[in-house]
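In: Could you look at this predicted model? Sequence included:
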Amino acid sequence: MNNINFHSSDERRVFLKYAGLGAAALALPPFVPGLGQKALAAIRTGKNYEQAKTIHSCCNQCGGQTGITCYVVDGRVVSVRPNSHNPNGFSNISTDFFANGNKEGAVMCPKGNAGIMTLYDPDRIKNPLRRTNPEKGIGIDPKWKEISWEDAYTEIVSRLRMLRDQGEAHKLLWFSEDHSFTHPQGDFCKLYGTPNYSNHSNLCDTARKASFKMVMGDERPLMDAIASKYILLFGWNPLSATKWAHLPRIMTRARENGAKLVVVDPNFSYTANKADEWVPIRPSTDGGMALAMAHVIIRDKLYDADFIKEWTVGFDEFANEVKDKTPEWGQTITSVPAATIERIAREFATTKPSLTDVWSGPGQHANGVQGGRAIACLNALVGAYDKSGTMVIPKKGEGKHMEVAPDALASKTVKMERFDGVKSYPFGHKSGVYCESFTRMAEGTGPYKPKIGMVFFQNLMMSVPGTKTVEAALKSLEFLVVNDIYLSETAEMADLVIPGTTYFERYDLNAHWVTWPVIGLRQPVVPPLFGQPAEYEFIAELGRRLGLKDVEGKEVFLIGRVSGKPVSDKKAWYEEWLSRELSEGDPKMTLEQLKALPGATWVSDKGTQYEKFKAPLPEEKLREALIEGTLIFSKKKDGSRDKPIGFLKEGKAVVGFKTSSGKVEFYNAAFRDKKDAEGKPVDPLPVYRPRSWQPDSEYPFYLINWKEASHTHTRTQNNAWLVEIKSTNLLKMNTKIAAKLGLKDEEVVWVESKYGKMKAILRLTEGIHPEVVGSQHGFGHWALGKTAKGRGCFDGDLRPTKADPLSGQALHKECCVKIYKA
Amino acid sequence: MVSDKLHGPDKKESELPSPLDPIPSRRKFFQSAATVVAGVVTLAATGTSVSKPQSVQKKKLGMVIDLERCVVCRACVVACKQENKTPPGMSYNPVLEEETGEYPHVKLQWFPRPCQHCDKPVCLEVCPYKAIKKREDGIVFIDPNVCRGTKACVKACPYKVPIFDEGEKYHEGTGVWNEVASPEMGLMEKPGKRVWVGKARKCTFCVHKQDKNGDYIDLPACVKTCMGKAIHFGDLGDPNGKCLAHGEGLQELLKTRKHMRLKEEEGTGPNVYYLT
C-alpha cells in the first residue's frame, strides 16, 4: 500500500510563459491549396463512425448518470458523445434546458469521454474465479482458478441454500452501489430473508442528507445556481468533482450573470480557483463559521423576517444560541478572519437571491451533521429555500418499484435486527452503516455472526475507512462473493469472483439529478463482452435456482412482470421488470416507448416548480389522507400512516416542508429525546462542537482528501486515458510550512497517524491551509489492474473504521498526522 | 446561425473513397519532393517552385476560448483522445496550468492548447517535404501521405503542438481495444493500418467532421464536450462569423472581452484567442 509512482505527470509545473524564441522574421508562406475540397472529401471513408449505429444511454463512470450517445461500428463502441436530449448534461432547471439545451448542446466530463477504455480494458475479469489459497489478506495471492459459470452458480446457490435452510438467512450481508440495479438486489434480499441489504450512500453524503432533512425536511435539495446572485459553498468542489455534468455550465453562467461565488475550503480546489473569493478554513469548523455568520445576520437584522415568521419555527432559540457566536469567536474556531466572516455574512444576507450549500468536505467529520445543519439554517435565515436562485427541493420522476412481500420462511428472518445497527443512529439512512457493520464483523460483536457476504460494484477495502478492520471483517465471513469488472482489492478477499458488466452492457433507469421529473434509460450498447450475465441476470439466476417466491408463491425472478408468465430469457425478464416500473411510475410508458423517445430520455413537460411548500394540498389528496395533529400523511393500503404530504397552516392544508412542524426548523425540541449512536442526547439546535480528533504536538496536521473531475472513487484508476490527465495523487502541503520542516517539492515522505502510515510524494503549494495536508482520493491501489497498481498514495489505513454517530456517515476526513522524510 | 443538427447524433454520409487512395496531384508532388531530398536541397526553396499560385483563403477557422468558463476539467483532452486515438501519453490539446500568488491569494493560470492554426505556420515553413498545408479554410494540416517523420515541425513549433507517433499502443497485442476503429479520418480503423506511425500528427480542428462542402456536420470533439461551454469555434475571417457550437458572434466576443493570443510576438498569427 505504500507504493509510489515516480512517473508523476502532474502538469502543474509545465511552463506557462512560452519564452520568446529568437525568431527571425518568417517569410510569408504561400497558401498551398494542398488538400483541396476534393482531397478533403477523400478523407471521409465509407466505413467511419458517421455510418455507425447510434444508441442513446446513460453514463455510469460515476453516479451522475449523464446522458450519452454511443456510436457502434461492427459491434464495437467507437465513440461516446453527449446526449443533448437528456437535461442532466445541460442544466438542472427546466426553463434553462428547454430554452437553451438544443441550441448549446449537452456536455460530458473526462470520465465519460474515457468510457471506451474501461469497456475494452484488457484487465477486466472474463470468467468466474475461485480462490484456491484458503489464506486471505492484503498481499496474499488468492491463487485464482477459472471455473465454469455452472460451477460458480452451483457453489453460490448451495451456500445460500444451506444458510437459508438453517433459518439463518439474515446472516447474509449484501453491499451494493446506490444507483445501479438496486431494486432486484433489494428484492432478492427480502425474498431470501435478510434485512441486511445496504448500499454506498453512507460512505458518501448521508451527513448532508441528515443536515438538510433536520432543517427543511428534504434530504437532497439542489442549488439553482444559474439564477442565483450569491453562491456560498462549504467544502464542495462542483466544478471539478462534477458529479452532474451540468454543474460547470450553470455555475460559470451564474458568474456571467453577475453572481458572486465564494468557496470555503481548506484546499484551493478547482472550484475555489474559479471563485471570486477562496476562504481557507480549518477542517471541520464550517459549522462554526455558519453560526458566526448567523450571529451577524441576526444582530444586524439582515434576515428575511417575513419568511421566518411565516415559514419557520425556533428562530428565537436559534438567535439565542448564536448570541455569543461573534465573528471573533468564529475566527478562533475557524481561522477565518472575523472581518471576513462579517463581510461574507452581510453579502450573503443582502444579495438576493443567495444560497449556501455544503457537501462532503465538512460532512465527513464527526461533527458534520450539526455543522451542515448550521449551514442549512443560513438558507433559512434569508428565505433561500425552493425559490428561484436558491436551494430547490427537486421533484424527481421515478419508475415505480413494485414491492415484493417475502414468503413465510423469509419473513421470519427478514424481520430480524439489521446487523449494522442503523436504528441506533437517530438520523441513519436506509443505506445502512458500513463502518458499524465492518467493526462488528471484525470484533465479533453485533447481534449475530454474519456468514456470507455478497458485494456488487463496491471496493470496500478502499472505500471504508480503516482498511485493517475491513480486512479482518471480510476474513471473518465464511463465504464472500464479489461481482466486479476488475480484480479489485475487495475481490482479492473473495472466495468467488464473478465478472460484472460495464454500463455499456446493461440496463438501468436513471432518475436524474435535476429539479423536475426526468428519467434516462441506460441500455446495453453492446452485449456483455465475455458472455457474462448482467448483474440483474446473475441475481435472477440465483433467485431461480434457490426457488425464491413471494408470499403468494410467485417466482418473482422467473415470472415476467408484464406478461405474468415465466420468461426464461433473463434479459427479456428484466425488460418486463423495467417496463412495468415505467408504466406504473411517472412516465406511464413501456420500455420500448422510452427507448423510442429522443435520447431515450423521458422529460416531463411540467418543469421546475418553485415554492411548492406554499401550494394548497389538493382536495383529492386530502380526502384520502390521515391527519395527526397538524400533520397530514398519505395512507398505506392497510390504512396505516405512510408518507408526510402536508400540514395544517392556520387551519388550511398546505404542502409545507416535510419536517415535524411542516415548517423550516431552526430548533427541534424533540431531538433532545433522541440519543446518538454513542448514547449522547441530540442537540435540539445546530450547536458547534469540535470534532473529537484534533491535531496535537505529535500529530500536528489535519489530513483530508477530495475528488476531482479526473477520477471516480477507487474505480477509474485503471483507465489509461484518465491516468493521463491525472496520473497520481501528490500530497499537497503549504509551501511555508514545508520550508520550516525542511521538506522539498516532490520529496517522498511518510504520513503517519496513530493508526497507520503511508508514503506519499509532496506537492508544495500556496493553495492549502497551513495546518492541513491532503490529496485526491482514489489512488494507491495494490490491485485492480496493471495501470492502477502502485500509483499514488492511499490513506484509508490512517483512520479508524468510524461513523458519525447521528447519520452513520463514514468519517473519511477525520484524521491527524505527522509528516517526515522517508 | 448555429444549426441544431450539430448537437444531434444521427449523421449519415454517403460512401466516399478512402483517404489512402492516391490522389493524382498529390502523388506528383510527392515524387517531386523525393527528388529534392535525393539532392539534399531544402524544400523551402523548391517548395515555392512546386507550389501553386497563392489562393485566396476562403475561411479562417479558429477558436475563441473563454477562460472564465473553462473549469480545467480536461474533458476536452479526453474527448480528443477518444476522437483521434492519439498515442499513449500524447495529446493534441493539453491543458497547461501553473500556480501563482501567495497563500491565501493564490490563483491558477491555465489554458487549453489546441493547434493554433497559425496564419504563418512555422511547421509548414520548416517541413522539408512540404507535408504541411495551410488549407483554404485556415486549417493547418499534416498530410500523412507526404510526411516522412523528420520531426522538423515537432522541433520548430513555438507552441509545441505537433507530436510524433512512435507507434506505441495503449494495450499490447491484438486485444479488443486495438481493434476499435478510430474516428479520425477513418485511418486507423483496421489493425495494422495505422497511417500515423512514424509521422508527425496534430490537431486538425477535427477536419474529418466536415462534409464534402467543407461544412461541419458535427462539432470538433473538444468543442462538443466542453463542460463550461468555453470553446467557441468558427470562421474568424467572417465579420459576422458565429460560433458553430453556441451561436455567439465571434467578433462580438473579441470586441467586448479582453483577450490574448499565445506568443503573438512570434508573428505566427495564431488563430486561437483566449478571453481572460
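Out: Arrived safely.

In: okay, and for the chain, where does confidence drop off?
Out: By default, I'm working from chain A. Along chain A, segments meeting pLDDT under 70 span A:1-51.

In: was after chain B, sorry
Out: By pLDDT under 70, the low-scoring segments of chain B are B:1-56, B:173-193.

In: And the strands in it?
Out: B:61-66, B:95-102, B:105-112, B:132-134, B:140-142, B:163-164, B:200-201, B:231-235, B:259-260, B:272-275 (DSSP state E).

In: And the stretch 151-300 of chain A, by the same measure?
Out: Under the criterion DSSP state E, counting those that start in this stretch, the stretch 151-300 of chain A carries strands at the ranges A:172-176, A:197-199, A:222-223, A:230-234, A:260-264, A:277-279.

In: right, so of those strands, which gets closest to residue A:360?
Out: strand A:230-234 (10.4 Å; Cβ to Cβ). Glycine gets a C-beta too; all of them are placed from N, C-alpha and C.

In: outside of the closest one, which residues touch it?
Out: By Cβ atoms under 8 Å, 6 or more residues apart in numbering or on different chains, the surrounding residues in contact with strand A:230-234 are A:223, A:225, A:251, A:254, A:259-265, A:271, A:275, A:286, A:289-290, A:344, A:347-348, A:351, A:353-359, A:361-362, A:375, A:378.

In: which one of the strands of the stretch 151-300 of chain A is the most hemmed in?
Out: Sort these by mean neighbour count, taking mean count of other Cβ atoms under 10 Å in any protein chain shown, and strand A:230-234 sits at the top with a mean of 27.

In: What number of residues are in the vicinity of the closest residue to residue A:113 other than its chain neighbours?
Out: Leaving out its chain neighbours, the residue that sits closest to residue A:113 by Cβ to Cβ, 6 or more residues apart in numbering or on different chains is residue B:78, at 3.9 Å. By the other Cβ atoms under 10 Å in any protein chain shown criterion, the neighbourhood of residue B:78 contains 30 residues.

In: Test my guess that residue B:78 contacts residue A:720.
Out: No - here residue B:78 does not reach residue A:720: they are 10.6 Å apart, not a contact under Cβ atoms under 8 Å.

In: distance of residue A:108 from residue A:783?
Out: As defined by Cβ to Cβ, to the nearest Å, residue A:108 lies at a distance of 28 Å from residue A:783.

In: Could you tell me which of the contacts of strand A:230-234 are located in helices?
Out: Counted as lying in helices by DSSP state H, out of the contacts of strand A:230-234, are A:251, A:254, A:271, A:286, A:289-290, A:344, A:347-348, A:361-362, A:375, A:378.

In: Among the residues you listed, pick out the one closest to residue A:122, please.
Out: Nearest to residue A:122 out of the ones in helices among the contacts of strand A:230-234 is residue A:271 (Cβ to Cβ; 35.2 Å).

In: What does the residue nearest to residue A:317 when sequence neighbours are not counted show for phi and psi?
Out: What sits nearest to residue A:317 in space, not counting adjacent residues and going by Cβ to Cβ, 6+ apart, is residue A:667, at 4.0 Å. Per-residue torsions, residue A:667: phi -150, psi 140 (degrees, to the nearest 10).

In: contacting residues around residue A:667?
Out: Counting by Cβ under 8 Å, 6+ apart, residue A:667 touches A:313, A:314, A:315, A:317, A:318, A:684, A:685.

In: For the spatially closest residue to the fifth one that is not a sequence neighbour, grab the count of nearby residues.
Out: In space, residue A:318 comes closest to residue A:666 once its chain neighbours are excluded; the distance is 3.6 Å by Cβ to Cβ, 6+ apart. Other residues within reach of residue A:666 by the criterion other Cβ under 10 Å amount to 27.

In: go on, residue A:143?
Out: Under the criterion other Cβ under 10 Å, the count of neighbours that residue A:143 has is 12.

In: Does it touch residue A:130 like I think?
Out: No - between residue A:143 and residue A:130 there is no contact under Cβ under 8 Å: 9.5 Å.

In: From the centroid of chain A, which residue is nearest?
Out: A centroid search over chain A (Cα atoms, centre = their mean) returns residue A:204, at 5.1 Å, as the residue closest to the centre.

In: and the gap between that one and chain B?
Out: Residue A:204 sits 20 Å away from chain B, going by Cβ to the nearest Cβ, to the nearest Å.

In: for residue A:296, same thing?
Out: Distance of residue A:296 to chain B, computed by Cβ to the nearest Cβ: 21 Å.

In: Output the set of residues of the stretch 101-250 of chain A in proximity to chain B.
Out: The stretch 101-250 of chain A has residues A:102-114, A:116-117, A:120-122, A:239-240, A:242, A:245, A:247-249 near chain B, with proximity defined as Cβ under 8 Å from any Cβ of the partner chain.

In: Counting neighbours, what do you get for the residue in chain B positioned nearest to chain A?
Out: Ranked by Cβ to the nearest Cβ, the top residue of chain B for proximity to chain A is residue B:133, at 2.9 Å. Residues lying near residue B:133 (other Cβ under 10 Å) number 24.

In: I'd assumed residue B:144 was in contact with it.
Out: No - using Cβ under 8 Å, residue B:133 is not in contact with residue B:144; the gap is 11.9 Å.

In: Please name the nearest non-neighbouring residue to residue A:253.
Out: residue A:226 (5.2 Å).

In: thought that neighbour was touching residue A:95?
Out: No - taking contacts as Cβ under 8 Å, residue A:226 lies outside contact range of residue A:95: 9.3 Å.

In: quick one, which of those two is more surrounded?
Out: residue A:226 (23 against 14).

In: mind checking how far the more buried one is from residue A:239?
Out: Using Cβ to Cβ, we find residue A:226 at a distance of 14 Å from residue A:239.
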